[in-house]
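>>> Just need the structure, nothing else, for what follows:
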Amino acid sequence: FLVGLGIASLALLSAFLVGFGTGASNTVACLFVVEFTPKSEWSERISWLQTFNAIGSVVGMAVAGLLEPRIGTLLSALLVMPAIMVGGWGLPVPGGPFHFPQLHLHGADLAHMLRRGGPNAISVLAHLHRPRRSDLAVLGTAFSSAFGTFLVGWFFFSLAISAFSSLYPVLMTKSFEITVTTSSMLMSVATAISIPLYNLAGRLATRFRPDQVLAI
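As a prediction, the model looks like this:
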C-alpha cells in the first residue's frame, strides 16, 4: 500500500510539474511577443505562436498514440532539452538590441532621489502603493470593469478547456470503448484541422478589434 501511495504521489507531482511548466512556458511565450515587438505586430505574432504550438500538439499527440504511455512520457521529457537549447540560442533578453526598455525604480534609487530631489521626488513617491487589507474591497470595483469581466470569463473558459482535456481519454475509454491510442490520434487530427484558425484570428484581430474577434 505504501509503495502504491508513493508511486501515485510521484505521478501527481510529475503531473503538477508538467502542467506548471506548460502554463509558464505558454505565458512567457506571449510575454516575449509583447515585450520585444511593436504593438502593431502583436496579433500577427501571437497567432503564429499559437499556430506552431498547435503543430507541436498535433505531432506530440500523434506520436503519443503510436507509443506506449511510459515511453511517450519519457520521450516528452527528453524533448524539453532541445527546446531549452533552441531557446538559449535565439530568444531575446532584457537589455538586448530587441528589448523595449521600461523604467523600473528600486527602493534605493527612490531613497536617493528623495534625499537629493526635493519636493519633486516626493510627488513620485506619492504614486507608490503598498498592498493593504482594505484593498480587498476595491476588487469588486475592479472586477465590475470590462477587464474584470474578461478575466472572469477567461478563467471559466480555461477551466472548461482543462477539464475537457483532462477527462477526454477517460471519456473515450469508459463511454465509447475507444483506446487511448485511437483517441490521441483523433485529437491530433482535430487539432490539425483547427491550425489555420489561429492565423485567421490574428489577421482578423489586426483588421478589427480583438474584443470583436474574441466575441465571435
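>>> which residues are in contact with stretch 47-65?
26, 29-30, 33, 72, 75-76, 180-185, 187-188, 191-192, 194-195, 198-203, 205 (Cβ atoms under 8 Å, 6 or more residues apart in numbering). For every residue, glycine as well, the C-beta is placed using N, CA and C.
>>> Distance of Thr37 relative to Val86?
Distance of Thr37 to Val86, computed by Cβ to Cβ, to the nearest Å: 19 Å.
>>> So which of the two has more stuff around it?
Per other Cβ atoms under 10 Å, whichever of Thr37 and Val86 has more neighbours is Thr37, with 16 against 10.
>>> packing partners for the longest helix along the chain?
Within the chain, and with DSSP state H defining each element, the longest helix by residue count is helix 2-36. Secondary structure elements in contact with helix 2-36, counted by 3 or more Cβ pairs under 8 Å, 6 or more residues apart in numbering; DSSP states H and E, are helix 42-66.
>>> chain center to the helix it packs on: distance?
Relative to the mean C-alpha coordinate of its chain, helix 42-66 is positioned 13 Å out (Cα atoms, centre = their mean, to the nearest Å).
>>> next one: stretch 184-203
Going by Cα atoms, centre = their mean, where stretch 184-203 is centred and where its chain is centred differ by 18 Å.
>>> now stretch 190-205
From the chain centre to the centre of stretch 190-205 is a distance of 17 Å (Cα atoms, centre = their mean).
>>> hang on, the earlier thing: tell me which residues in the longest helix of the chain are buried?
By 16 or more other Cβ atoms under 10 Å, the buried positions in helix 2-36 come out as Ala29, Val33, Phe36.
>>> Quick check: closest non-adjacent residue to the first one.
What that stands for is Ala29. Using Cβ to Cβ, 6 or more residues apart in numbering and skipping residues adjacent in sequence, the residue nearest Ala29 is Leu49, 5.8 Å away.
>>> Can you check the pLDDT for that neighbour?
Listed pLDDT for Leu49 reads 86.
>>> what number of residues lie near it?
Residue crowding around Leu49 was assessed by other Cβ under 10 Å; the count is 17.
>>> go on, Ser47?
Applying other Cβ under 10 Å, we find 20 other residues in the vicinity of Ser47.
>>> For the closest residue to it other than its chain neighbours, give its distance to Leu66.
Once its chain neighbours are removed from consideration, Ser47 has its nearest residue in Gly202; the separation is 2.3 Å (Cβ to Cβ, 6+ apart). When Cβ to Cβ is the yardstick, Gly202 and Leu66 sit 31 Å from each other.
>>> If you count surrounding residues, which of these two has more?
Remark: of Gly202 and Leu66, Gly202 carries more neighbours, 23 against 11, as counted by other Cβ under 10 Å.
>>> Surely the more buried one is in contact with Glu41?
No: under the criterion of Cβ atoms under 8 Å, Gly202 makes no contact with Glu41, lying 10.0 Å away.
>>> Separate out the buried members of the contacts of stretch 47-65.
By the neighbour-count criterion of 16+ other Cβ under 10 Å, these include these buried positions: 29, 33, 72, 180, 183-185, 187-188, 191-192, 195, 198, 201-202, 205.
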